[in-house]
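# just need the structure, nothing else, for what follows:
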Amino acid sequence: MSTDESASTSEAMSASTSNSTRASQERCARLIVLRHAKSAWPEGVPDHERPLAGRGRRDAPAVGRWLRQQHCTPDLVVCSTSRRTRETWERVAAELVTAAELPTTQAAGPDVIFEPRVYAASADTLLQVVRALPDRCRTALVIGHQPAVQDLVVTLTGAGDTETLARVRGKFATSAVAVLTVPDGWARLEAGGAVLTAFAVPRGAAHDAH
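Alright, predicted model coming up:
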């Protein structure tokens, strides 16, 4: 093979690899799984209608700030219909963009679906919800309840930092948030089919409550 032919073959292989990598990256999506912030237990109030407690009102904005710092702004949110998850999302959403970013950000924000199946769901039900996400969604945020959110993250994680996974297994506290990469699209997501890339339990200062 001549030098020119060798160079041409090498360039073709490099281009093919680059195209394959780009296609793989384009298929990747991100799943953010969030447990609602700390809720109150008012006497006589049904579980579905329990509001956030003072600590929950402090912590939820901290989650929004953490997501912004991690460049994890969702384009679709699937939230349980419970009051405490809805209030969590309201406070998270308020912190996803800074005042300086507002002029160049869509005022409407991400699409939000209040999904009844997420309330009192099992991990299997949450997985069904995730599999039904539209292909156009690249970063999805699911806001739900224990034990389903923890079970979902543990079930889906097939790779990632072992120490981080151990933390997830140990405790998925209120306001805990996990970020997973989904390499092959929502519809084909199976147990062990995602990569756990981050886990945090953001907390707000006492003066953040409002």
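
# the residue positioned nearest the centre of the chain pairs with what?
Closest to where the C-alpha atoms of the chain average out (C-alpha atoms, centre = their mean) is Ile32, at 0.8 Å. Following DSSP bridges, Ile32 is listed with bridge partners Leu141, Val179.

# shouldn't it be in contact with Val182?
No. Taking C-beta atoms under 8 Å as the contact criterion, Ile32 and Val182 are not neighbours in contact, 10.9 Å apart. Quick note: C-beta positions are derived from backbone N, CA and C, even for glycine.

# low-confidence ranges, the protein, go.
Under the criterion pLDDT under 70, the flagged ranges of the chain are 1-27, 98-108, 206-210.

# walking through this structure, point out its helices one by one.
Using DSSP state H, the helices of the chain run over 3-27, 54-69, 83-93, 123-131, 148-156, 162-170.

# give the contact list for the residue nearest to the centre of the chain.
Applying C-beta atoms under 8 Å, 6 or more residues apart in numbering, we find Ile32 in contact with 67, 72, 74, 139-142, 177-180.

# can we see that at 6 Å?
Taking C-beta atoms under 6 Å, 6 or more residues apart in numbering, we find Ile32 in contact with 72, 141, 179.

# among the residues you listed, who's most crowded?
Leu141 (27 neighbours; other C-beta atoms under 10 Å).
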